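> Turn this into a model:
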Amino acid sequence: MKIADGIYGLPQTLKLGEQEEEIYPVAVEDDQGLILIDAGLPGNLEVIEENLQEHGFSLEDVEKLILTHQDFDHCGCAAELVEETDVTVFAHEDDAPAIDGREDPIKGEERYPALDVDVELVGGETIRAKDRELEIIHTPGHTPGHISILTEGLLIAGDAVNVEEDGFSGPRERFTPEMEEATESVHRLSFGEYQKVHCFHGGTVEASNEDVKEISDDLGKEFRGFEQVSVEGPVKFLRQELENEDVGLSVFRIPEGESHGAQNDPEKGHRHSEQTEIYYFQEGSGKFNIGNVSEDYQSGDAFMVKAYKYRKIDAEEDTEVFIAGAPVNDEAEEGNLE
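A predicted model of the protein is given here:
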């Protein structure tokens, strides 16, 4: 199954009770051989080899194995592959303990054979593959260390999104312990540029970041997306609340009767690709509009707002607000509040 030039789907059959479905690890051509993205089910080494042979490759060509996350249908055959080849294994640092046996998989699945993770990822890395680059994106929620991969118009999503019988959809809730975190991850993926999405469950679809944004927006409606927090002053959230050294701090003064929302249109709101923000109202009062919720604020109030929620401030009195956001370098977009 050809996904794109030099990229191939390697179908396997997963049985879920009485039902069966196809799952799709991926092989990417590299100068030194192949990069395999996920290994699939335990005992399926021959299936992998047969799939590779259809495209003119063998197991010996596999040089790297990138595991998108710790679930058994992605890692089950990995130890067999390592035993058969001299493959270098990559996985996110948050899922590595479950993969290498220091911890059990979080979903209580039967323990697949443990294997060493040679390279622990954090997100943001680029892995070179022949004439393309594989950008690693940390997309937690389905598991703590779930990753997706973006490369030249193609999103390899892992289990962040799926192709179901009724079409392109978000993560499967019953297999996703942290759905709000997974929603944030889908939102983050909507800021990439691609025209095709490969899903481990369901295969490849012609879909763009705008299609993923629709999924993200639908999922986001199910969650409040913000909380009021206790802050002892505008510096407090830099360390205690955001727990991130890469924090940007802005101060805005909003005159009575005016709004602070989108840069080009104060009546609209803005949101971010991945930046969580804390708003600390040093003085003033008014309405803080977050999604479809309007909260009263006054001096001393603070709110933590997730990236995927549009937000706008309507000042009823002269307002001074401190805004801290992490990480600093992300994208923002303007839009109407829900």
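> helix, strand or coil for V82?
helix (DSSP: H, G, I helix; E, B strand; the rest coil).
> pLDDT value on it, please?
Looking at V82, its pLDDT reads 97.
> Break down the stretch 51-200 of the chain into its helices, ranges please.
72-75, 78-84, 96-100, 179-189 (DSSP state H, counting those that start in this stretch).
> domain ranges for the protein?
The chain breaks down by automatic domain parsing into domains covering 2-220, 226-335.
> How far away from the center of its chain is the last one?
Going by CA atoms, centre = their mean, to the nearest Å, the spacing between the C-alpha centre of domain 226-335 and its chain's C-alpha centre is 23 Å.
> can you give me the end-to-end distance of that domain?
18 Å (CA to CA, to the nearest Å).
> sorry, back to before: take the domains of the chain and lay them out in a markdown table including mean neighbour count.
Yep, even glycine has a C-beta here, placed from its N, CA and C like the rest. Shown next, in a markdown table, are these (neighbours: other CB atoms under 10 Å):
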| stretch | mean neighbour count |
| --- | --- |
| domain 2-220 | 19 |
| domain 226-335 | 17 |
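> Tell me the bridge partners for Q298.
S285 (DSSP bridges).
> you'd agree it is up against F281?
Yes: in this structure, Q298 is within contact of F281 by CB atoms under 8 Å, at 6.8 Å.
> Can you pull out the low-pLDDT segments for this structure?
For the chain, the stretches flagged by pLDDT under 70 are 109, 231-246, 326, 328.
> Give me the distance between the most centrally placed residue in it and L59.
Here the mean C-alpha position of the chain is nearest to the C-alpha of T139 (CA atoms, centre = their mean), at a distance of 2.1 Å. Counting by CB to CB, to the nearest Å, the separation of T139 from L59 is 28 Å.
> which stretches of the stretch 51-200 of the chain form strands?
Shown for the stretch 51-200 of the chain, the strands assigned by DSSP state E, counting those that start in this stretch span residues 62-66, 88-92, 119-121, 126-129, 132-138, 147-151, 153-158, 162-164, 167-169, 194-199.
> among those strands, which is nearest E222?
Closest to E222 of the strands of the stretch 51-200 of the chain, according to CB to CB: strand 167-169, at 13.5 Å.
> related to what we said a few turns ago, tell me which of the helices of the stretch 51-200 of the chain lies nearest to G203.
Using CB to CB, these put helix 72-75 closest to G203, at 14.5 Å.
> For the closest one, what is the distance to the chain centroid?
18 Å.
> So which residues make contact with that helix?
Helix 72-75 has contacts (CB atoms under 8 Å, 6 or more residues apart in numbering) with 14, 23, 25, 38-42, 67-68, 99, 105, 109-110, 112, 115, 158-159, 200.
> coming back round to it: want to try CSV for the helices of the stretch 51-200 of the chain, with distance to G220 as columns?
Formatted as CSV, the helices of the stretch 51-200 of the chain follow (distance: least, CB to CB, whole Å):
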stretch, distance to G220
helix 72-75, 26
helix 78-84, 34
helix 96-100, 28
helix 179-189, 6
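> Quick one: residues contacting the residue nearest to the centre of the chain.
146-148, 157-158, 160, 182, 185-186, 188-189.
> Then E227?
303-304.
> Partner strands of the helix or strand harbouring it and their direction?
E227 belongs to strand 226-228 when assigned by DSSP states H and E. In the sheet, strand 226-228 lines up against strand 302-305 (antiparallel) (DSSP bridges).
> any idea how far the closest residue to K64 other than its chain neighbours lies from L14?
Nearest residue to K64 in three dimensions, chain neighbours excluded: I35, at 4.4 Å (CB to CB, 6 or more residues apart in numbering). For I35, the distance to L14 equals 22 Å [CB to CB].
> next one: P42
P42 is 11 Å from L14, by CB to CB.
> same check, this time on Y194
For Y194 relative to L14 (CB to CB), the value is 25 Å.
> Then V47?
V47 is 12 Å from L14, by CB to CB.
> Also A262?
44 Å.
> quick one: which helix or strand includes S294?
strand 293-298.
> residue boundaries of the helices in the stretch 201-338 of the chain?
209-220, 236-239.
> any chance of those helices in JSON lines, plus distance to E334?
JSON lines is the format used below for these (distance: least, CB to CB, whole Å):
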{"stretch": "helix 209-220", "distance to E334": "13"}
{"stretch": "helix 236-239", "distance to E334": "24"}
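> Ok, which of the ones you listed comes nearest V122?
So among these, helix 236-239 is nearest, using CB to CB, at 20.0 Å.
> Of the helices of the stretch 51-200 of the chain, which is nearest T276?
helix 179-189 (8.6 Å).
> same for the closest one, what does it pack against?
strand 132-138, helix 209-220 (3 or more CB pairs under 8 Å, 6 or more residues apart in numbering; DSSP states H and E).
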